[in-house]
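Visitor: here you go, sequence then predicted model.
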Amino acid sequence: MHEKFGHKTKDGYEFRLKRNCSISPSSLAFIFLALASVSLLIGVVFYFLGAKLILPFSFIEAGALSIAFLYNAFHATDYELLRFDAENIYFESKFGLGLRRETLSRSLTRILPSDKKNLVQLSCGQRQIYFGYNIHSQFRPLLEIEIKRSLQS
């Protein structure tokens, strides 16, 4: 038996997919800060021992760690939401600072086979929505089956 991706609501059905964040932002900040501190400490020690070019590279490394932390912070709350009731399908997606919302007519929307990274593709006229970025690719066919079943009920 596979894990269920959606759940029934009072109006219809809802699928909420979030990024898998296995470490809290404060723990990650502590780890990045500790790594940057060790790198800068090594740079300062070698600077005073006469190897003056180590310190600039330590600053570059600390900067790269800061950029990596900021990238992770921007994407830690990414999610996808697919919700439907008797008449409409509501899609919402947050990626970084961008938020996308669309409403599709349930009776005109079809789920098509997707060739784009095996994502679930919803099509309504000329509009295309790809759903399933925040789930492992091996589970996307199961997600598609579950969405189809819940749309038929």
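Guide: Arrived safely, thanks for sending. This one's a predicted model, so the numbers in the text were calculated from it and none came from an experiment. Numbering: from 1, shown residues only.

Visitor: in contact with residue 40, which residues?
Guide: Each residue near residue 40 by CB atoms under 8 Å, 6 or more residues apart in numbering is listed here: 55, 58-59, 62. Glycine gets a C-beta too; all of them are placed from N, C-alpha and C.

Visitor: can you give me the buried ones in the longest helix seen in the chain?
Guide: Using DSSP state H, we find that the single longest helix of the chain is helix 25-48. Using 16 or more other CB atoms under 10 Å as the test for burial, helix 25-48 gives 28, 32, 36, 39, 43, 46.

Visitor: can you map out the helices along this structure?
Guide: Taking DSSP H, the helices of the chain run over residues 25-48, 54-75, 140-152.

Visitor: can I get the contacts of residue 40 in TSV with neighbour count and pLDDT?
Guide: Below are the contacts of residue 40 laid out as TSV (neighbours: other CB atoms under 10 Å; pLDDT from 0 to 100):
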residue	neighbour count	pLDDT
55	18	94
58	20	95
59	13	95
62	19	94
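
Visitor: which among those residues gets closest to residue 86?
Guide: Nearest to residue 86 among the contacts of residue 40 is residue 62, at 54.8 Å by CB to CB.

Visitor: distance check, the closest one against residue 36.
Guide: The gap separating residue 62 from residue 36 is 4 Å, by CB to CB, to the nearest Å.

Visitor: returning to what we had before: lowest average pLDDT across the helices of the chain?
Guide: When the helices of the chain are compared on mean pLDDT, helix 140-152 scores lowest, with a mean of 86.

Visitor: residue 135: neighbour count?
Guide: With neighbours defined by other CB atoms under 10 Å, the count for residue 135 comes to 21.

Visitor: surely it and residue 17 touch.
Guide: Yes: counting by CB atoms under 8 Å, residue 17 is a contact partner of residue 135 at 5.3 Å.

Visitor: where do the contact lists of the two overlap?
Guide: What both residue 135 and residue 17 touch, as defined by CB under 8 Å, 6+ apart, is the set residue 5.

Visitor: now stretch 65-82: buried residues?
Guide: Quick answer for stretch 65-82 (16+ other CB under 10 Å): 65, 69, 72, 78, 80-82.

Visitor: looking at those residues, which is nearest residue 124?
Guide: For the buried residues of stretch 65-82, the nearest to residue 124 is residue 82 (12.9 Å; CB to CB).
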